[in-house]
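Asker: Next comes the sequence, and after it the predicted model I'd like to discuss.
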Amino acid sequence: MLRVDLRSFLSNPVFFIEISRILGGISKIVALKPFELQSLEAEFCKRNGLKAFFLDLKVSRILGDSKISPMTLFVVTRDKKFLKAIQRVENRVLSGELSFQKGRRRLIELEGKLFGYPECCVKAYARSKSNIPLETKLIIECFESGTFKSLLASLKNSRIDFFPQFFTMNFYPCHLECRKAKRVGIKLVKFLGDFENAFKLRTMLNALYLLRVAYKSTFYNGNLSKKAKEFFNLQDGDVLGMLEAIVDVDYELFSNKFIKRVLQFR
Ligand SMILES: [Zn+2]
């Protein structure tokens, strides 16, 4: 169970929710927004045997033709060996020992495992590199299943909903109803104990993030934009105004503020 006082928790809910994936035995690594050496977050990590590192990556994990796109992640882990395992595969790709395609696939699978994502979802993500992006497929599923509709209804009525399969950002379940992905969220909500509502809100915000991606797609033409336009044409001004307000915000900062505001008044 996560042990922290409410005041500390509310100062950075996303941090505590993410770190709980390690403390709860779900993940070996989590990627976070960097925090200062002298901070509540650093202090909490130290107390719990966790270490923070900057991880420099070069091989592009993102869809597209570019093979090299340098990126730095800020990660927290119990043991540096997990980061070394990633770096070893990177080096084999960069030296040409492993082909780019194979290497990228191996990196996605290895990181998926270390981040604690279900294998079916990681495989689907790796496969989607050569096909329709998994994110797009998932968003279309959310439109068709009425998930976005019920999310908006909950937000409008200040109702807390729970989407266990959206347990973190930048993770895409292989299907909206993936049982393994939902199981991760359910395990995490149990670990969070008294903070379960914060986590449930976070899953709503993660679902809302997908809706924001869909909203942005309406400015362009593509697979998603037609479906998204149909959906947004049926929405009232409040919904469109809200999306307009969050379209460019730092989503983690927004999520923290949102969770804090809701929980302070409950
Ligand atoms: Zn899955």
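Answerer: Here it is on my side, so go on.
Asker: isn't V76 right up against N48?
Answerer: No - look at V76 against N48 with CB atoms under 8 Å: they stay out of range, at 9.7 Å. Where C-beta positions appear, they are placed from N, C-alpha and C, glycine not excepted.
Asker: Give me the common contacts of the two.
Answerer: I19 (CB atoms under 8 Å, 6 or more residues apart in numbering).
Asker: More neighbours: those two, which one.
Answerer: V76 (23 against 15; other CB atoms under 10 Å).
Asker: Show me the strands in this protein, by range?
Answerer: Assigned by DSSP state E, the chain shows strands spanning 29-32, 51-59, 68-77.
Asker: So for the ion, which of those strands sits nearest?
Answerer: strand 29-32 (19.0 Å; CB to the ion).
Asker: Centre of the chain to the closest one, how far?
Answerer: With CA atoms, centre = their mean, to the nearest Å as the basis, strand 29-32 stands 10 Å off its chain's centre.
Asker: Within its sheet, name the partner strands of it and how each one runs.
Answerer: strand 68-77 (antiparallel) (DSSP bridges).
Asker: For the strand it pairs with, which residues meet the burial criterion?
Answerer: Within strand 68-77, the residues scored as buried using 16 or more other CB atoms under 10 Å are L73, V75, V76, T77.
Asker: what about dumping the CA coordinates of it to CSV?
Answerer: Taking C-alpha atoms only, strand 68-77 is exported to CSV below (Å, rounded to 0.1, in the frame of the first residue of the first chain):
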residue,chain,number,x,y,z
ILE,A,68,17.6,7.9,-35.1
SER,A,69,15.9,10.4,-33.0
PRO,A,70,17.8,11.3,-29.8
MET,A,71,15.6,11.5,-26.8
THR,A,72,16.2,11.7,-23.0
LEU,A,73,13.9,10.1,-20.5
PHE,A,74,13.9,10.7,-16.8
VAL,A,75,13.3,7.4,-15.2
VAL,A,76,13.1,5.9,-11.7
THR,A,77,14.0,2.4,-10.9
